[in-house]
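Colleague: Below is the sequence, then the predicted model.
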Amino acid sequence: FSVGSSLVCIITNKDITMPFFGRKQTHVAICIALIIFTSYIHFSRKIQNYDISKQYQTHAATQTTHHQTGVVAPPGTYRGQSWNSPDGRTISIHTLGETKFAKCDVHSVLTEDGKNLIDDWIFMEEVNAINVAVLTEHNQFIVFEQYKYAIPGKSLSIVGGMMEVGETPFEAARREVLEEMGLGSKRTLIDMRRPGGGGREGTNRRHRILQSSDVGNDIPFSTLQEAMDNYKHIPKQTIRKEEFHDIPQVDHGMGNTNYDLLLGDVPENEREHWYFLGRYRTAANRGGGFTYTYLLQNATPLVQNGGTKQYISQGDDEQQQVLFLSVDDMKRSLLEGKFQEVKWTATMALSLLTLGI
């Protein structure tokens, strides 16, 4: 204000007078008018900013209300386990939001030397998942072409999904392949068909080598529902947990620091066609769950039309096209980046390495 007033006074440092005013009174009147005008502009902007601030607060309050009414689930909904570093670096965990499949936390984490504390470490939890590369008896990989929410454009993809509560990684992989492609191993199909061997007629849990008497028990089921009903009764793998024997167990009041990672091994009677390729963290410092990767070789239909374009999959409500890729086509697709998620790419590359092709 004072700078503006001084400029006016300097500019008007001539014989400029207003009617009924002297020279000095004219200067004073102009300065007062300028002060009033600039004050009006200043307070108008403050009022406008206040209105914008109120609108933002109202919007934020509305969003909070939405979160409380179901957009973000209440605490304790996430059905996975919160990561607590086995080496004792996790000091505290504050949850920002969660659903039953995922959760966003802020961790307080000690630096590796233990001298400093990082209290804004964003960490994304996600229920552990599986990915499966499926290779048919005709040496073709079956993949999907589809859109995904976080990928621009189309991408090639493979069988994948989150593990259910109480389910081993292998059982999740076997179930997902059945649901999404109607396929599995011949061993699984015979177990589903055999009376007294795991189908609806019995629950014999002895591992058996395929025999000539099993011929005729390898006929696909008419519908996915029929297959799933029989699948529920076959012998299932027992959950076994991996232990961190070489890492000190430190407790900061948040429970056991052993994360209870599950072993991803394949049962002995399924190893002729199923291969465990390894367990991998999605993001080394930010979480994202662990992914267990598998290869199913010589996949056979468990359901009529399984492994064909006519099969109607069960699971996510997503449109997808079934493609059949030769080994050379698969190599080319990997090198051209057509699998747009790193987990899919890693699973397919590991499969090719395992097969030695």
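Modeller: In hand now; what should we look at?
Colleague: how far away is residue 107 from residue 116?
Modeller: 14 Å (CB to CB, to the nearest Å). Just so you know, the C-beta spots here come from the backbone N, C-alpha and C atoms, and that holds for glycine as well.
Colleague: same thing with residue 104?
Modeller: If you go by CB to CB, the gap between residue 104 and residue 116 works out to 23 Å.
Colleague: between those two, who's got more neighbours?
Modeller: Taking other CB atoms under 10 Å, residue 104 and residue 116 do not tie; residue 104 has more neighbours (17 against 10).
Colleague: For that one, which non-adjacent residue is spatially closest?
Modeller: In space, residue 104 comes closest to residue 96 once its chain neighbours are excluded; the distance is 4.6 Å by CB to CB, 6 or more residues apart in numbering.
Colleague: Now the phi/psi pair for that neighbour, please.
Modeller: Backbone dihedrals for residue 96, given as degrees, to the nearest 10, come out at phi -90, psi -40.
Colleague: Just give the number of residues close to it.
Modeller: 11.
Colleague: And residue 120, by the same measure?
Modeller: Neighbours around residue 120, by other CB under 10 Å: 8.
Colleague: next one: residue 154
Modeller: By other CB under 10 Å, neighbour count at residue 154 equals 15.
Colleague: Next: the one 3 residues further on.
Modeller: Neighbour count of residue 157, defined by other CB under 10 Å: 22.
Colleague: Any stretches of the protein with poor pLDDT?
Modeller: 1-31, 33-34, 37-72, 195-217, 242-260, 315-317 (pLDDT under 70).
Colleague: and the longest strand for it?
Modeller: Looking across the chain with DSSP state E, the single longest strand is strand 287-301.
Colleague: In that one, which residues are buried?
Modeller: For strand 287-301, the buried set under the neighbour-count rule, 16 or more other CB atoms under 10 Å, comprises 287-297, 299-301.
Colleague: with these in mind, which one is nearest to residue 135?
Modeller: Among those, residue 297 lies closest to residue 135 (CB to CB), at 4.9 Å.
Colleague: My guess is the closest one contacts residue 273. True?
Modeller: Yes. At 5.1 Å, residue 297 counts as touching residue 273 under the criterion of CB atoms under 8 Å.
Colleague: where exactly do the helices run in this structure?
Modeller: 2-11, 23-66, 169-181, 186-193, 224-231, 327-335, 342-355 (DSSP state H).
Colleague: Packing partners of the fourth one?
Modeller: It stands for helix 186-193. Contacts defined by 3 or more CB pairs under 8 Å, 6 or more residues apart in numbering; DSSP states H and E place helix 186-193 against helix 224-231, strand 287-301.
Colleague: Any chance you could list what contacts the shortest one?
Modeller: Under the criterion CB atoms under 8 Å, 6 or more residues apart in numbering, residues 175, 178-179, 182, 188, 192-193, 199-200, 220-221, 302-303, 312, 314 lie in contact with helix 224-231.
Colleague: That helix vs helix 169-181, what angle?
Modeller: 160 degrees (axes from the mean of the first three to the mean of the last three CA atoms, to 10 degrees).
Colleague: cool, the last one as well?
Modeller: Calculated by the same axes, to 10 degrees, strand 287-301 forms an angle of 60 degrees with helix 169-181.
Colleague: For the stretch 101-250 of the chain, which segments count as strands?
Modeller: 102-110, 117-126, 129-136, 141-147, 154-157, 159-162, 183-184 (DSSP state E, counting those that start in this stretch).
Colleague: Most tightly packed of those?
Modeller: Highest mean neighbour count among the strands of the stretch 101-250 of the chain (mean count of other CB atoms under 10 Å): strand 183-184, with a mean of 28.
Colleague: Quickly run through the sheet partners of that strand, with directions.
Modeller: strand 287-301 (antiparallel) (DSSP bridges).
Colleague: gap between residue 194 and residue 234?
Modeller: In terms of CB to CB, residue 194 sits 9 Å off from residue 234.
Colleague: Comparing these two, which shows the higher neighbour count?
Modeller: With neighbours defined as other CB under 10 Å, residue 194 and residue 234 compare such that residue 234 has more, 22 against 19.
Colleague: Confirm for me that the more buried one is in contact with residue 188.
Modeller: Yes. Counting by CB under 8 Å, residue 188 is a contact partner of residue 234 at 7.0 Å.
Colleague: OK, contacts around residue 301?
Modeller: 182, 183, 220, 307.
Colleague: For residue 262, which residues are in contact?
Modeller: Residue 262 neighbours (CB under 8 Å, 6+ apart): 128, 168, 169, 239, 240, 241, 242, 292.
Colleague: In stretch 348-357, which residues are buried?
Modeller: 348, 349, 350, 351, 352, 354.
Colleague: will you turn these into TSV that also has distance to residue 79?
Modeller: Converted to TSV, those look like this (distance: CB to CB, whole Å):
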residue	distance to residue 79
348	29
349	30
350	28
351	29
352	34
354	31
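Colleague: and of the residues you listed, the nearest to residue 92?
Modeller: residue 350 (36.4 Å).
Colleague: Roughly how far does that closest one sit from residue 273?
Modeller: 16 Å.
Colleague: again, but for residue 240
Modeller: Residue 240 is 21 Å from residue 273, by CB to CB.
Colleague: the more surrounded of those two?
Modeller: Each of residue 240 and residue 273 has its neighbours counted (other CB under 10 Å); residue 273 has more, 19 against 11.
Colleague: What residues does the closest residue to that one other than its chain neighbours make contact with?
Modeller: In space, and not counting its chain neighbours, residue 273 is closest to residue 185: 4.3 Å by CB to CB, 6+ apart. Residue 185 makes contact with 174, 270, 272, 273, 274, 296, 298, 299, 300, according to CB under 8 Å, 6+ apart.
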